[in-house]
Every structure is written in structure tokens, then in C-alpha cells.
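*Asks:* predicted model, plus sequence, below.
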Amino acid sequence: LVVGYMAASKWKEKEEEKENTEEPEIIMYSLESNNVSALTLQSGDYEVTLERSEDNWKVAQDSEFPLDVSAVEKMLDSIAGFQAERLVQKQVESLSEYGLDTPDVKVSIQKTDGGEDVICIGDKSEIGGGYYACLKGSQDVYLISEQVQNVFGVEEENLVLLDTVPVFSSSDANGLKVSGKRFSEFTIAENNEKRDLTDMALYTLYLYGTYREPVLVDIQNFAEVMKNYTSISLGSFVSYHAQDKEKYGLKNPENALTVWYKKEGEEQQQEFTIYFGSMDSEETGYYVSLEGSNQIFLMEKESVEALLSPDTFQAVNKYTQMVNIQIVGGLEIKYNDKETFIEINHKEETSDSAQSDTTEHFFVNGRELDAEEGSYFGATPNDLTCTAYYAYSTGLFAKIAGILGKQEEAKRYGELYGRIVKKFQNAFF
């Protein structure tokens, strides 16, 4: 028996080697896609029938199935010109030598004229790769590429059009919200009515729910926090059936994550919400689902905790206030046993051209910071004054851009204003 098997194997190898020369393109089967009414795929233990429904395709056995039509289109493209690498042998005596008597993959093609053709794909060739294939009813054996075999050798997950979370830039983020029971609730959102001491509402993001009062959020710090949310993976696919949501704790989810963002050049703000259900039996992950979808995924525990328990303090503006000097009348500074009071007088003057201008006069503990004799520079350091007015003029640019509806410019000047103020405070205070 061993000698017979070896002899048969050698004979088969010789037959393949004989044919292993460059040949013109071999089309094993061809049928235009508009002549295909249905496809039945048998791949291992998995079997599915795909039916044409007007101009679309659906799974015959399950109307809920979220079919990836692009996978069907790949199959139809292959059927339109089912290409073989080469003809292995004509009229073989036994298809079993090639695994084609009980093929691993069968593609039944139902035609619009009522006919049916079947493509069988069997064993993998031990010489140079590829798979043996034949048409049902024919003893001619061909060799097809692994790429062609992969188009039809599918499992259920290969046919599902999986949900994906929108991708955006962290600088486009406008808000973040975690709600529910298992993880602490908080919201970072815009509040255009609450004005900070810039008196220009340059910083409109506030953190709610973490502290007793809403806390101002720094735009740049918030963008850094949001880098973890710009490209979220939902994890491994579990189910697409609506009735399974109760089983996985998603009918009444324990937590929800909502992200708001607005991409550059777009007028409308976008948002998405991910719901988080129960943990799996091994407690290595959470079942999750996108709002408006029945698809269920299993997301790793570490990923969930990173999304629902961020360091919100990282986003908080670490400085007490961003100040517009025009609305400040004075400062009282206490350090150890020393007290200093700085008074600011705003003197409005009208020039010969009838233009109004405001000049600030500073007093420290009642003593005016006058210019030295013979100089028009005040005693206040020149760097301090120039930086302060740089911040002030930049803030005006941001406000003007906002009034004109140029939101991108307003955001850019607002961020620049914040950087200048931080540098000012670090350098002089």
C-alpha cells in the first residue's frame, strides 16, 4: 500500500510538473454578474445563500444579517472570469486524489434562466501552493490561486459589514461625556454663555460633574486627552441580533460614552455614542454596541477603562483665570506676611482725530509707576508691557474672527492667546 501511494503521488507530481510551464490565461468558468440570481456557499461547516434583491443582495436565511455587499461583488467579479493558474489534468479517473469528491468549498451559482452551475474547490497543492478546482460534472482538474480560493472560502464574520467608530483629529473634538453606573460620570462640553475673565469667551469648554462647580478646560490639554478617542476599535465581533442585547447587558447598558467633534471645513457638529454592557464570563472585556446598531462586540477591559476613566484633571486649565486687563481694577497679593496691592486706573482719552483710546495707569501700594526722568518708558518692564499687549491684540483678533463667522481663525487665535498668557504668567508671576 505504501509503495502504491508513493507511486501515485510521484505520478501526480509529474503530471503537474509537465503542465508547469507558462501558459496563456485559463478561464475555468465565466458568467456575467447580471445573470446571477443567487449564490450558495459551502465552506467547511458554514453554509449561506445570498440572494439578489432588486439592485442589492441579502442573506436568504436571515433578514437582519448586515451583509457586506463588497464581499459579494468580489465573488461576482471572480465568477465573471474564474481564472485558473493552469490545467492540472483532463479527465482524471478519481477526483478524490484532489479532494474534489467531497470539496472543502462549494459555490453553487443560480442563474437567472433557472440553471445552476457548481464550482468545487478541494485540497491545497503541495507543489507551489494554490488549490485544486473543478466544475461539478466535469473530470477536468485545474489549479487556482490562493487569492481566488479566499474569495469563496469564507466564514460568517467575513460577510458581515462591521460597524466602525468615526475617526477624527483630536483638535476637532468639541466634547466628551461618560454616563452610567459602573464608571464615574462627567461631561466636558461647550458653554458659550459662561464667559471667563477674558470677557471674550475664548475658552468655552467646561468640565461638569467632577467638582462642585464647573471647571474651565484648556483647549490644548483637552486635545491631548482626546487623542485616546480619535480612533476607537470596538474589539472582536460577537453578534448582530437585536434579541442578544439583553443577554449581553446592552438592553439597559451600565455606561455610555459620547464624543462630539467638528471636522475642519464642515459646518455641522458630529457625534457618536458607544454603549457598554456586562463583562464576559472571564471578566477580560465588556460587551459594547454603537448607538443605532444591533451589532455587538467584545472590547478589552483595559481599553474600556481607558475610555471611561480618563484623567480629567489633565484637561483642566491649571491657571485660575485668563484675564482681560480692561475689566480688572486691581490685584491684592498676599505672600507670607507681605501684602501688596496693585491698582489699575483705566483712563479713556480722545485723540484729535476723535478716536477713543484707553490708557492703563498702575499704582503699587498707592505709588504710581511713573516713567523715569527724561524717558517715555514707564517703570513697568518693557517685556511685560509688550507681552501683555501682544496677548490683548491677539484676543481681539480671536473675538473679531468669531463675530465674522470665521471659526477656524477664531480657534487658532484663541489657542495662540492662551499660549501667550501662559508664557506671560510663567515669566512674570
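*Replies:* Yep, that arrived.
*Asks:* can you give me the buried ones in stretch 136-145?
*Replies:* Under the neighbour-count criterion of 16 or more other Cβ atoms under 10 Å, stretch 136-145 has 138, 141-144 buried. The C-beta positions use only the backbone N, C-alpha and C, and glycine is treated the same way.
*Asks:* pull the CA atoms of that stretch into PDB?
*Replies:* Output in PDB follows, covering the C-alpha atoms of stretch 136-145 (Å, rounded to 0.1, in the frame of the first residue of the first chain):
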ATOM      1  CA  LYS A 136     -19.400  19.800 -11.000                       C
ATOM      2  CA  GLY A 137     -20.000  17.100 -13.600                       C
ATOM      3  CA  SER A 138     -16.500  17.600 -15.100                       C
ATOM      4  CA  GLN A 139     -13.400  15.400 -14.500                       C
ATOM      5  CA  ASP A 140     -11.000  18.200 -15.600                       C
ATOM      6  CA  VAL A 141      -8.900  19.400 -12.700                       C
ATOM      7  CA  TYR A 142      -7.500  22.900 -12.500                       C
ATOM      8  CA  LEU A 143      -5.200  24.800 -10.100                       C
ATOM      9  CA  ILE A 144      -6.500  28.100  -8.800                       C
ATOM     10  CA  SER A 145      -4.600  30.700  -6.700                       C
END
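*Asks:* distance to residue 348 and secondary structure added to the buried residues of stretch 136-145, as JSON lines?
*Replies:* Shown next, in JSON lines, are the buried residues of stretch 136-145 (distance: Cβ to Cβ, whole Å; DSSP: H, G, I helix; E, B strand; the rest coil):
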{"residue": "138", "distance to residue 348": "98", "secondary structure": "coil"}
{"residue": "141", "distance to residue 348": "97", "secondary structure": "strand"}
{"residue": "142", "distance to residue 348": "92", "secondary structure": "strand"}
{"residue": "143", "distance to residue 348": "91", "secondary structure": "strand"}
{"residue": "144", "distance to residue 348": "86", "secondary structure": "strand"}
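*Asks:* out of those, which one sits closest to residue 60?
*Replies:* residue 144 (26.2 Å; Cβ to Cβ).
*Asks:* which strand residues bridge the closest residue to that closest one other than its chain neighbours?
*Replies:* Spatial nearest neighbour of residue 144, chain neighbours left out: residue 133 (4.8 Å); criterion: Cβ to Cβ, 6 or more residues apart in numbering. Beta-bridge pairing for residue 133 (DSSP bridges): residue 121, residue 142.
*Asks:* how far away is residue 133 from residue 36?
*Replies:* Look at residue 133 and residue 36: by Cβ to Cβ, to the nearest Å, they are 18 Å apart.
*Asks:* if I pick the residue nearest to residue 144, what's in contact with it?
*Replies:* 28, 84, 100, 119-122, 141-144, 149 (Cβ atoms under 8 Å, 6 or more residues apart in numbering).
*Asks:* biggest separation within those residues, which pair?
*Replies:* Largest separation among these by Cβ to Cβ: 141 and 149, giving 14.4 Å.
*Asks:* ok, residue 107 to residue 136 distance?
*Replies:* Distance of residue 107 to residue 136, computed by Cβ to Cβ: 10 Å.
*Asks:* mutual contacts of these two, please.
*Replies:* Joint contacts of residue 107 and residue 136 (Cβ under 8 Å, 6+ apart) are 118-119.
*Asks:* pLDDT weak spots in the stretch 251-400 of the chain?
*Replies:* Low-confidence segments of the stretch 251-400 of the chain (pLDDT under 70): 319-325, 370-379.
*Asks:* please enumerate the strands of it.
*Replies:* Here the stretch 251-400 of the chain has its strands, by DSSP state E, counting those that start in this stretch, at 255-261, 270-279, 285-290, 296-300, 330-335, 338-350, 356-364, 367-368.
*Asks:* run the chain-centre distance for the shortest one.
*Replies:* Going back to what we said before, that points to strand 367-368. Centroid displacement of strand 367-368 relative to its chain, using Cα atoms, centre = their mean, to the nearest Å, is 58 Å.
*Asks:* tell me which of the strands of the stretch 251-400 of the chain lies nearest to residue 315.
*Replies:* Taking the strands of the stretch 251-400 of the chain one by one with Cβ to Cβ, strand 255-261 is closest: 13.6 Å.
*Asks:* please point out which parts of that closest one sit buried.
*Replies:* Neighbour-count burial for strand 255-261 flags 255-261 (criterion: 16+ other Cβ under 10 Å).
*Asks:* what of stretch 163-183?
*Replies:* Residues of stretch 163-183 classed as buried by neighbour count (16+ other Cβ under 10 Å): 163, 165, 168, 171-179, 183.
*Asks:* which of the residues you listed lies closest to residue 297?
*Replies:* The nearest member of these to residue 297, counting by Cβ to Cβ, is residue 163 at 7.7 Å.
*Asks:* for the closest one, what are its contacts?
*Replies:* By Cβ under 8 Å, 6+ apart, the contact list for residue 163 reads 234, 290, 293, 295, 297.
*Asks:* buried deepest among the strands of the stretch 251-400 of the chain, which one?
*Replies:* strand 285-290 (a mean of 24; mean count of other Cβ atoms under 10 Å).
*Asks:* got the angle for that one vs strand 296-300?
*Replies:* 130 degrees (axes from the mean of the first three to the mean of the last three Cα atoms, to 10 degrees).
*Asks:* who touches strand 285-290?
*Replies:* 163, 165, 234-235, 238, 245, 248-250, 253, 272-280, 295-301, 304.
*Asks:* residue 227: neighbour count?
*Replies:* 12 (other Cβ atoms under 10 Å).
*Asks:* report the separation between it and residue 186.
*Replies:* In terms of Cβ to Cβ, residue 227 sits 18 Å off from residue 186.
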